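1. I'll drop the sequence and a predicted model, then ask my questions.
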Amino acid sequence: MVNAGHCPPPVVAAIAAQAAQMIHCSFNVASYDLYMQLAEKLATLFPHGDHTKVMLTNSGAESVENAIKIARQATGRPAIICYDSAFHGRSMMAMTLTSKVGYKLGCGPYAPEVYRLPFPDYYKLNNGKSEDDFSAIHLRDLEEFFNTNIPSNQVAAIIMEPVQGEGGFNVVPKKYIQELRKICDKYGILLILDEVQSGFGRTGKWAAYEHFDVVPDISTWAKSMGSGMPIGCVIGKADIMDSCKPSTIGGTYPGNPVCCAASLATLKYMEEIDINALGEKVGNIVRERFNKMKEQFSAIGDVRGLGAMMAFELVKNNDPHQPDADTCKKLIAYCANHGLIVINAGVNGNVIRILSPLVIEENLLNKGLDIIENGLKELLG
Ligand SMILES: Cc1ncc(COP(=O)(O)O)c(C=O)c1O
């Protein structure tokens, strides 16, 4: 997941220059300019209300862990609500918030005070309803959840990926997330949006949440932020971030100087090449090709996504509830044998998603898509 590509020259140069100067300086002990510069840049790119603060981390999972700690400290409440099909990482809290059991086998007991809602998965659950009516039903269920599962005044935060990544590129309906924002405000619950996979141009915008005109209280980031170097962050409204008690967040390596240099160079490069326009362009090409494949192959039940987060779902008998993991597995093997690496997604392992760098040349992208199409032809006739 390197949106700006593998080894962009300015990023490589920034890493080398910084490594020659200072590799390590624990921010817990002594602050340094690079950390501050990066935090300021991120706060400018992703304002969370009038005043925004940023904490750097080593990974997506660590961002999620800290977002939860901060939400609990800010609200004084214990409970966290998450969603079916979510993926938030492999540390204990992040794994608990993750849905697919295959990611968690034998690792329990999991963290307490985590509650799960069905993700408003329009493809699988719409029952012929319009997207707005469908959203209204799910929101009513959430209000009901506060009576049947956990009172709203015990809930610190609701965490959601605006486009589920490992879950199969399920896009949250606009109406749902906009109303969810209002429900959170009504009950003093913090809205945490996990942008680890969807951030930094992947959906054609810096943040996927910008598509929905919603601003989270806290957000979590990593992956493309450092072009492959281990760096992530938590961004939040300043008063929320300031509620952290001394010594409760941080660590030896978060915001390591070399990673900060890589990230600053990555963000500058992303601005220069207009990463969001590239995300949109890649997304348009893939969407068009996938839609054509859907017309050709009835096993493709759904084509969906936002920007370059594009996927198709393989099903049997045109039924969203009959996932075809077997064909998906065979297609992945076909692609591997023809020089293309693709991995599955979705809790049932029946979704093919595209996660190419956004700087990919058009002919190379089409060559990869040709391999997928040829694989479908060979497998499905
Ligand atoms: C949405 C989301 N959150 C969190 C994570 C965890 O990130 P990391 O692997 O850097 O810990 C991932 C990784 O795939 C992710 O997609």
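-> Perfect, thanks for sending it.

2. hey, let's count contacts and neighbours off CA atoms from now on
-> Noted.

3. do you know how far the residue of the stretch 251-381 of the chain found nearest the ligand is from S243?
-> Among the residues of the stretch 251-381 of the chain, A345 lies closest to the ligand, at 10.7 Å counting by Cα to the nearest ligand atom. Relative to S243, A345 is positioned 37 Å away (Cα to Cα, to the nearest Å).

4. Of the two, give the one with the bigger neighbour count.
-> A345 (23 against 14; other Cα atoms under 10 Å).

5. residue contacts, the more buried one?
-> Neighbouring residues of A345 by Cα atoms under 8 Å, 6 or more residues apart in numbering: 165-168, 351-353.

6. Equivalent analysis for M241, please.
-> Per Cα under 8 Å, 6+ apart, neighbours of M241: 53-54, 70, 74.

7. May I ask which two of those residues are separated the most?
-> V54 and A74 (15.1 Å; Cα to Cα).

8. More neighbours: which of these two?
-> A direct count of neighbours by other Cα under 10 Å for V54 and A74 places V54 higher, at 24 against 18.

9. coming back round to it: among the contacts of A345, the buried ones, what's the PyMOL command?
-> In PyMOL, this line selects whichever of these come out buried by 16 or more other Cα atoms under 10 Å:
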select buried, resi 165+166+167+168+351+352+353
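
10. Save the contacts of A345 as JSON lines, and put in pLDDT, secondary structure and distance to the ligand too.
-> Below are those laid out as JSON lines (pLDDT from 0 to 100; DSSP: H, G, I helix; E, B strand; the rest coil; distance: Cα to the nearest ligand atom, whole Å):
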{"residue": "G165", "pLDDT": "98", "secondary structure": "coil", "distance to the ligand": "5"}
{"residue": "E166", "pLDDT": "97", "secondary structure": "coil", "distance to the ligand": "6"}
{"residue": "G167", "pLDDT": "97", "secondary structure": "coil", "distance to the ligand": "9"}
{"residue": "G168", "pLDDT": "97", "secondary structure": "coil", "distance to the ligand": "10"}
{"residue": "V351", "pLDDT": "98", "secondary structure": "strand", "distance to the ligand": "15"}
{"residue": "I352", "pLDDT": "98", "secondary structure": "strand", "distance to the ligand": "15"}
{"residue": "R353", "pLDDT": "97", "secondary structure": "strand", "distance to the ligand": "13"}
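
11. Between the contacts of A345, which sits nearest C233?
-> Looking across these and measuring by Cα to Cα, the closest to C233 is G165, at 17.9 Å.

12. phi, psi of the nearest residue to the closest one once chain neighbours are set aside?
-> Ranked by Cα to Cα, 6 or more residues apart in numbering and with sequence neighbours excluded, the top spatial neighbour of G165 is Q197, at 6.2 Å. The phi/psi pair for Q197 (degrees, to the nearest 10) reads phi -90, psi -30.
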